[in-house]
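[1] sequence and predicted structure are below.
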Amino acid sequence: MKDYMIYHNLSIEASAERVYAACVVSDELNKWWTEKSSGVPKLGAEYMFWFGPDFDWRAEVIEVVPQKIIKWRFNKADADWTNTELSLAIEERENSVLLHLVHRDWKKANEHFGRTSFCWAMYLFGLKEYLEKELE
């Protein structure tokens, strides 16, 4: 069986510490991605990602390196997202970071896969705007 992957890179003019916090701290996630979230960046910990009554999802932290990477495996989500793996990895640059998003283990390149890829691009743009406006 073939697995499909969504991959995006985004340059953000912010420190690795700031980008990492925006990716792992619940109050920060709620500013650019979720409506509500909870969780701590600790191996084996559960995160709750809430987008509305029909989208109350859970994921386990399967890799974490402070200021570098957070990776989750979704164990409660819709059929397409369940058992997918999402990683946000931070590569430090001179005055910015390059954020690598990889959302892997999709079983089908269906309509939801395409919509999710588009939505990730939009969410990442929102993250970039949120973090860079703080610097203004």
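    Received, thanks.
[2] quickly list what the residue nearest in space to the middle of the chain is bridged to.
    Central residue of the chain (Cα atoms, centre = their mean): Leu88, 5.5 Å from the mean position. Under DSSP bridges, the beta-bridge partners of Leu88 are Ile70, Leu101.
[3] so who does it touch?
    Cys23, Ile69, Ile70, Lys71, Leu99, His100, Leu101 (Cβ atoms under 8 Å, 6 or more residues apart in numbering). C-beta: built from backbone N, CA, C; applies to glycine.
[4] ranges for the strands of this structure?
    Along the chain, the stretches classed as strands by DSSP state E are 4-12, 36-38, 46-52, 55-65, 69-76, 85-92, 97-106.
[5] okay, these in JSON lines with distance to Phe125 and mean pLDDT next?
    Putting those into JSON lines (distance: least, Cβ to Cβ, whole Å; pLDDT from 0 to 100) gives the following:
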{"stretch": "strand 4-12", "distance to Phe125": "8", "mean pLDDT": "98"}
{"stretch": "strand 36-38", "distance to Phe125": "19", "mean pLDDT": "98"}
{"stretch": "strand 46-52", "distance to Phe125": "18", "mean pLDDT": "96"}
{"stretch": "strand 55-65", "distance to Phe125": "21", "mean pLDDT": "97"}
{"stretch": "strand 69-76", "distance to Phe125": "19", "mean pLDDT": "98"}
{"stretch": "strand 85-92", "distance to Phe125": "15", "mean pLDDT": "98"}
{"stretch": "strand 97-106", "distance to Phe125": "11", "mean pLDDT": "98"}
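[6] export these to CSV and tack on distance to Glu129?
    As requested, the strands of the chain are exported to CSV (distance: least, Cβ to Cβ, whole Å):
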stretch, distance to Glu129
strand 4-12, 10
strand 36-38, 19
strand 46-52, 20
strand 55-65, 23
strand 69-76, 21
strand 85-92, 17
strand 97-106, 13
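[7] in this structure, where's the longest helix?
    Counting residues, the longest helix found in the chain (DSSP state H) is helix 111-135.
[8] now, which of the contacts of Leu88 sits nearest Thr84?
    Within those, distances to Thr84 taken as Cβ to Cβ reach their minimum at Lys71, with 11.2 Å.
[9] that'll do, ta.
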